Every structure is written in structure tokens, then in C-alpha cells.
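S.K.: Here is my input, please return the structure:
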Amino acid sequence: MQRFRGRKGMDRDRRGAILVLTAVVMVLMFSIAALGIDLSYLTLLKNQLQTAADAAALAGALELSGVAEPSVVRANALAAIQDVASKHKNGDKSSVTVDAADVTFGKSSWNTATQSYTTQWGNSYVPYNVVKVRAERTAGVNGAPDDRVPLLFASIFGQSKATIGAEASASFQPRDIMVVLDYSGSMNDDSTFARISSMGRTYIESNSLTMWYELGSPIYGQLTFTPSYAVLRGVAASGTIPHIDTTYKRTSIAVISTSNLTQVKLQFSTSATQTFTGLSAKTGTFAGTGSNAGKEITYAWIKSGGNQALSSGNLGEQFTFSATTIKTALGLNIAYPYPSGSWSDYISKVQASSGDIKNAGYRDMFGYMTWIEYLQTYQPSSAQTPDLWKTSEQPVGVLKDGVDEFINYIQSIEADDYVGLSIYTHTNSTGAILEHPMSTNLDQIKTTARHRQAGHYLAGTNISAGMLVARQEIVARARPRAFRLMIVMTDGEANLPNNTTTAKAAVLTEANAAAAAQIKIVTISLGSGADISLMQQVADITGGIHFNVPGGVSIATVQANLREVFRQVASSRPLRLINSD
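M.R.: Alright, predicted model coming up:
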């Protein structure tokens, strides 16, 4: 017969069961806690490895080059990767080790058909623009030490070490670049007479000679390169009638006759006259004296030999100093070579009582030097003088050299950059023109930049219009992941649209619009006339950089400075971590 158990016995049994259950639960909880500690430790080390891999990949990408030999690139990149990785701790290890086998090089490019990036991995895909780094702790192979992570508690379950790793890929971020260039009329100022005081007469005049050569050394009439006064040639010698040459210098004339001079009568712009007699030489220089001193001479009658009857009143041979007779004397009764301008207008500008030709000391002096000045100052656009793009106009000439340097570098590194070109100012409603949309056809950028001239379309400076065209192009055609960059260059102050105040406000409005579109702007101020403050503001608004290429120095110095600026911009490629796939 079963004996009835009391409450005390049942309580003892229950307490025993609870103690057993508690022991089991505590073992389980300690095990979970131990695993949690190991997992937390592994997570920490994994994050440390990822940080090391990220930094090492970026360091390796910094060494990638489209210019150096691939073997050199790989060696330099591996050295940088290993150096940076070694500076990172990983748990019980004082540094992270990356072997050559853990580094892979490749080439990523934009596929226009699929509108996506394609990456090809392997040493044969050059030039390299992407590198992949794996940092890991694994069991040693081929005699290498076991680098796995020792676990604290997981060994309870037979797992004393763990393998962990992290991978990172880095590349130079491809850039979508719009170049905005100033081809306003002032871009030839450094090759005109206006710059003699700052650039020096020798430079300006020798550069004019170079420009004449670049136009093909054309010959028109009796012009020579060095300016000289017009020589009016009298009738041919015949019997007692001599031949007389009269050089017109406005307030004086120089006379050469084949016979002795006997009388010279001058008439001035005031209609007053003055007669010189008692002459006995074949040459002489004559100018007003007394109240006629410094007066402009309009006519001269010269008696020499037996020519007294060659003009009314037996006054001798008459010479008329008008633009028409000077044009004839210069042999310029010929077709003018360009669509705009004329030989008569050129003569008028050389004879003007004010202006840079006069200030340079060449009033009434005709030659290719003053003609080059006329072209640059009065007929600068392509519609007026379409050949000026061939010449060494300055500073637009050094700008073209800088663009060549920029494009050549981008082409050499093959970084999958897209480049487009906007030029201001233009006669269209926008005020600027998209010469080329963004593409990898970079040679066209060089060609177009070279074939434009100062004041090519319009003389004014509409910086905001050039920025607007560039911004719209970037927004419309920018590639995913591409770095958006605009390069804005000017040598002067914005004066369009309307006026300077409105123009500057429009520039700042465009800068803010670019910033909103995530476009960084690099600005370049060229020469002493550039608005440095405005260009600095534009760069600051967009997080860009402002470069100032100062004026008042030699063209060679400007050229070197501008080339260095463009080289820096071209070579400053942004790095980024990318998805390895």
C-alpha cells in the first residue's frame, strides 16, 4: 500500500528540481554571454579591419596613374596600401597586414549604352583607375603563421579561433566638367598699345610682329611693318620740272626734290598760310612758326626748278594732305582683306587726335604694327577679322595654352572624365554658347578653344550666362557617381546683362544655383583687371577653390602660372570608396 507523502516532502522535491533547472539555465546563460562577448569582439575586429581596408584602398587609389608604367603603378600602390594598413591596430595585433595577393587592380568606365559603370578586374586592364583591397585574418597556408582571431569562450564549443576579413574598393571619382571661358574683347588687352606702360614697348611691338607673321606676313600697298609717315610723291621729273617727295607729319612736312627748292607755301587747318622763301637746297623740313606753330598742315605748294606753273597762281606743285591722298600715297586703293573695317577707317584711326595709337607715339604713322593694333582694338571679333584666332593675342593666347595643358593631362590619365565647353559672351538670347556638350571627345575642346579669339562673338563680359549654360549642361547630362565640377575663368569684371551691378548679382545667383545642384566651381582670375573678390565669392559659395593669376608680369610668367593652375585642377581628382561589384 502506497504511503501518502506530506507537503514537506513535496516541497523538497520541488526545490531540487528548481535547483537543477536553475543550474541548467545559468550554464546556458553563461554560454550565451560568452558567445556574445566573442561575437562583440569579432564585430569590433571586423570594423577595425574594414577601417584599415578602406584607408588602404584610398591610399592605393591615390597612386593610380594613367601615365606611369602599369608595373610601377602596382608597386607604388601596393607600397602605399601596406604602409597605411600597417598603421591600423586589430585587436591583439599591432598592425594589419595586406599581402600582394590581397590587392586587385582594375579599370572602371561609363557605358553609354547601359548608362552604368562597368568594372574589369585584372592587371591587363589598364590604365588602372580602381583598386580592391582585402584585409583578413586567416589560417596560414604554405608555412605562413596562423593569423586567425583567438576566441575567449567559444572554445567551450570546440571553436578556438575565427577567420574574419573586410574588403574595400576605391577609385578616382570620374568627373563631369564644364569649362567656362572668357573670350570677351579685353582678352587681347595684353597685346595692344594700351599695355606698353605695363608690359613694355619691346614686348608689345615684338608681339605685334609675331602676330603679323602668324597672319601670313601679308603685303598691302606700300606698308612696311615698322610704322612710318606717308610720303606723297609728286609728278615725275621731266625737263625743268623736278620730282618732289613730301613726307607728311601733320604739323610739319619733309621735302625732297631733284632740284633746288625756291619757295614753300603752307596752309593750315585754320586756313592761315605761311610762305618760306630764300631757299637754295634740295631738301628741307617746314612747319608753322609764330602764331602758326604747332598747327596742322592741310596743303603745301612747293616751287622747285621750273615747276612754278604746276598749280594756280604759279605757286608750284600742290600737295593735298587729306585721307584720300594719303590712302593713295600708301597704295591702299585696294580691296580690304576682311569682312569688317576698311583702309579708310584704318587711316582715320591712325590719324585720330586721341587713342592708344597716338599715345604710343604713332599718330600718322602707317604700317603693319599700327594695323595689328587697329584690328585688335576696332575689329576684334570673328565676324570682323576672322583670322585673329591664329595670332598671339594676349592673354587669350596663354589661356589657349592652359586649356591644352588641362586637356592633355586629362587625356593622359584616362580617368573617364567628361568635359564640355561654354564660352561667353554671345549675341544669342542666352548670352553664352554651349560650344561642346560634355563627352570624352576632348580634342574638340582644344580645337575650339584655339579657334576662338578675343571678342569672338561679343566684346562684353557675361559671366553668369556662361555659368548658366554650363550648369544646365551638367544637370542634364551628369552621370551617377560622377563628381560635378565647373571651371570659370575671367580676366575682367562682369558687365552683362545690363550693367556691372546687375551682372555681379547674376553671377552670385548662378553660384548659388550651382551649389544647389551639387556643382563645385573652381574660379580663375586672370590679370590685374579681373574681379578677384567676386571670383572668390563664387568659389566659396560652392565649396570650390579660387586661383588668382596676377597681371603686371611678363606673358611668360602668366603662361607658367596659368598652366600650373590648369595642371592642378586636372590632377586633383577626388577619391571615393565604391562598391566592388
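S.K.: From residue 360, how far out is the residue lying closest to residue 44 once chain neighbours are set aside?
M.R.: Counting by Cβ to Cβ, 6 or more residues apart in numbering, the nearest residue to residue 44 once its immediate chain neighbours are dropped is residue 91, at 7.1 Å. Glycine gets a C-beta too; all of them are placed from N, C-alpha and C. Residue 91 sits 78 Å away from residue 360 when distances are taken as Cβ to Cβ, to the nearest Å.
S.K.: Looking at those two, which is more packed in?
M.R.: Of the pair residue 91 and residue 360, residue 360 is the one with more neighbours under other Cβ atoms under 10 Å, namely 21 against 16.
S.K.: Skip the chain neighbours and tell me the closest residue to the more buried one.
M.R.: residue 193 (4.1 Å).
S.K.: quick one: contacts for the one you found?
M.R.: 204, 356, 357, 359, 360, 362, 373 (Cβ atoms under 8 Å, 6 or more residues apart in numbering).
S.K.: if you set the cut-off to 7 Å instead, what comes out?
M.R.: Taking Cβ atoms under 7 Å, 6 or more residues apart in numbering as the contact definition, residue 193 lies against 204, 356, 357, 359, 360, 373.
S.K.: Residue 453 touches residue 390, doesn't it?
M.R.: No. With contact defined as Cβ atoms under 7 Å, residue 453 does not count as touching residue 390 (8.5 Å).
S.K.: Those two: which is more packed in?
M.R.: Each of residue 453 and residue 390 has its neighbours counted (other Cβ under 10 Å); residue 453 has more, 27 against 14.
S.K.: From the contacts of residue 193, which land in helices?
M.R.: Of the positions in those, 204, 356, 357, 359, 373 sit in helices, assigned by DSSP state H.
S.K.: May I ask which helix or strand of the protein has the lowest mean pLDDT?
M.R.: For the chain, scoring each helix and strand by mean pLDDT, DSSP states H and E identifies helix 7-62 as the least confident one, at a mean of 71.
S.K.: picking up where we left off before, for residue 139, see how far away the residue nearest to residue 44 is.
M.R.: 16 Å.
S.K.: Pull the contacting residues for the spatially most central residue of the chain.
M.R.: Of all residues in the chain, the one closest to the mean position by Cα atoms, centre = their mean is residue 403, 5.1 Å from it. Residue 403 makes contact with 445, 446, 449, 566, according to Cβ under 7 Å, 6+ apart.
S.K.: quick one: which of the residues you listed has the most company?
M.R.: Note: the member of those with the most neighbours is residue 566, at 27 neighbours, neighbours being other Cβ under 10 Å.
S.K.: Was I right to think it contacts residue 407?
M.R.: No. Counting by Cβ under 7 Å, no contact exists between residue 566 and residue 407, whose distance comes to 8.8 Å.
S.K.: re the thing from before, between the contacts of residue 403, which is closest to residue 477?
M.R.: Distances from residue 477 to the contacts of residue 403, taken as Cβ to Cβ, are shortest for residue 445 (15.1 Å).
S.K.: And that closest one, how close does it get to residue 423?
M.R.: Taking Cβ to Cβ, one finds residue 445 at 11 Å from residue 423.
S.K.: again, but for residue 149
M.R.: Computed as Cβ to Cβ, the residue 149 to residue 423 distance reads 61 Å.
S.K.: avg pLDDT for stretch 96-109?
M.R.: If you average the pLDDT over stretch 96-109, you get 90.
S.K.: Excluding sequence neighbours, find me the nearest residue to residue 338.
M.R.: residue 385 (4.9 Å).
S.K.: No further questions, thank you.
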